[in-house]
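Colleague: sharing a model prediction with you, sequence too.
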Amino acid sequence: MRILLFGKGGQVGWELQRSLAPLGELVALDHDSTDHCGNFSNLTGLMDTVRALKPDLIVNAAAHTAVDKAETEIDLARSLNALAPGLLAQEAARIGAWLVHYSTDYVFDGSGSRPWTESDTPAPQNVYGQTKLEGEQLIRAVCPRHLIFRTSWVYAARGDNFAKTILRLAQERERLTVIDDQLGAPTGAELLADVTAHAIRQLLQRPGDAGLYHLAAGGETSWCGYANYVLAQTRLVQPAIKIKASEVAPVASSAFPTPARRPHNSRLDTRKLQATFGLSLPSWQQGVARMLAETL
């Protein structure tokens, strides 16, 4: 099987290079690749890439993820999050390939207090969410052999993340203020990549399992709860790190105004995914603890 991966340099794309490698011949591209086009603002180049490589599976881990910048970079966000995935879907359908794509809880309005299911009606509140939803719709309209995973609060050991930022600030300040009215589940890129590889193996035997799924770590927390867990784990596994902060104060989202509106409820119901693919998703704490053990 020939696999074409886009977005190899991102958090999820980096882990996918590892998890997809045993499945077949992997060609991994990024926006600055020179051998083939991986630039999602160059739709003609993307089409030429797919037609030249003729993959059996396309995995799209590329996206415009700068949520606040998307409010002013509307055309770029739409090209990366909607038009390019839509083109990949057309090309995948033309050659009979599978397409795996990642979406977001931001397709919902963030209201309510229960986890969102795949059948809930989307109502995105910002440009990022709107363009990601359009990408979903374009894929589902033309490519029946697809897997779309909606996820939330993605982090990885590689690169910057919320935990590293909190740890840095906690060594500089005596008091931190962290948002406490947004709820979700921190989800590791490693988990996303491993579940993706597992699901692909099953799809090759059971193509009827194609479709849209919610994929996030188990449990839930707020950003404030996330921060407290990071500091507690750091004190436990690396007591030599001098944490100056003695208080992590919970505050409302209004304390940190942003150009893009953030959802208060980012919970995702993953029961469909777990039942279909025979999985038991680990708690968010397990993944964060592992990431901290690797990076501290």
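Modeller: Great, that's in hand.

Colleague: mean confidence score for stretch 53-64?
Modeller: For stretch 53-64, mean pLDDT rounds to 98.

Colleague: what about it, how long is it end to end?
Modeller: Using CA to CA, to the nearest Å, the end-to-end distance of stretch 53-64 comes out at 24 Å.

Colleague: just the buried residues of that stretch, please?
Modeller: Neighbour counts over stretch 53-64 (16 or more other CB atoms under 10 Å) mark Leu53, Pro55, Asp56, Leu57, Ile58, Val59, Asn60, Ala61, Ala62, Ala63, His64 as buried. The way it works is simple: take the backbone N, C-alpha and C, and place the C-beta from them, glycine included.

Colleague: and stretch 32-40, by the same measure?
Modeller: Of the residues in stretch 32-40, Ser33, Cys37, Gly38, Asn39, Phe40 count as buried by neighbour count, 16+ other CB under 10 Å.

Colleague: end to end on it, go ahead and measure it.
Modeller: For stretch 32-40, the first-to-last residue distance is 10 Å (CA to CA).

Colleague: which residues does that stretch contact?
Modeller: 6-8, 27, 29-31, 45-46, 48-49, 52-53, 62, 79-80, 84 (CB atoms under 8 Å, 6 or more residues apart in numbering).

Colleague: now do stretch 122-133
Modeller: Stretch 122-133 is contacted from outside by 63-65, 67, 70-71, 74, 77-78, 80-82, 103-104, 106-110, 260-263, using CB under 8 Å, 6+ apart.

Colleague: would you mind giving me the ChimeraX syntax to select the buried ones in the residues you listed?
Modeller: Selection of buried members from these for ChimeraX, criterion 16+ other CB under 10 Å:
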select :63,64,65,67,70,71,77,78,80,81,82,103,104,106,107,108,109,110,260,261,262,263
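
Colleague: in the stretch 151-296 of the chain, which spans are helices?
Modeller: 162-170, 189-205, 223-237, 271-277, 284-295 (DSSP state H, counting those that start in this stretch).

Colleague: dump those helices into a markdown table; add distance to Ile95 and mean neighbour count as well.
Modeller: Output for the helices of the stretch 151-296 of the chain, formatted as a markdown table (distance: least, CB to CB, whole Å; neighbours: other CB atoms under 10 Å):
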| stretch | distance to Ile95 | mean neighbour count |
| --- | --- | --- |
| helix 162-170 | 39 | 18 |
| helix 189-205 | 16 | 19 |
| helix 223-237 | 42 | 18 |
| helix 271-277 | 25 | 15 |
| helix 284-295 | 35 | 18 |
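
Colleague: figure out which of these is closest to Ala21.
Modeller: Nearest of the helices of the stretch 151-296 of the chain to Ala21, taken as CB to CB: helix 189-205 at 9.1 Å.

Colleague: can you pull out the strands in the protein?
Modeller: Using DSSP state E, the strands found in the chain span residues 2-6, 25-29, 57-60, 98-104, 146-151, 154-155, 175-179, 183-184, 187-188, 211-214, 221-222, 247-251.

Colleague: closest to Thr177 out of the helices of the stretch 151-296 of the chain?
Modeller: Among the helices of the stretch 151-296 of the chain, helix 223-237 comes nearest to Thr177, with 8.6 Å by CB to CB.

Colleague: hey, what's the closest residue in space to Lys8 that isn't next to it in sequence bridged with?
Modeller: Among residues not flanking Lys8 along the chain, Ala28 sits closest, at 3.8 Å (CB to CB, 6 or more residues apart in numbering). Counting by DSSP bridges, Ala28 forms beta bridges with Leu5.
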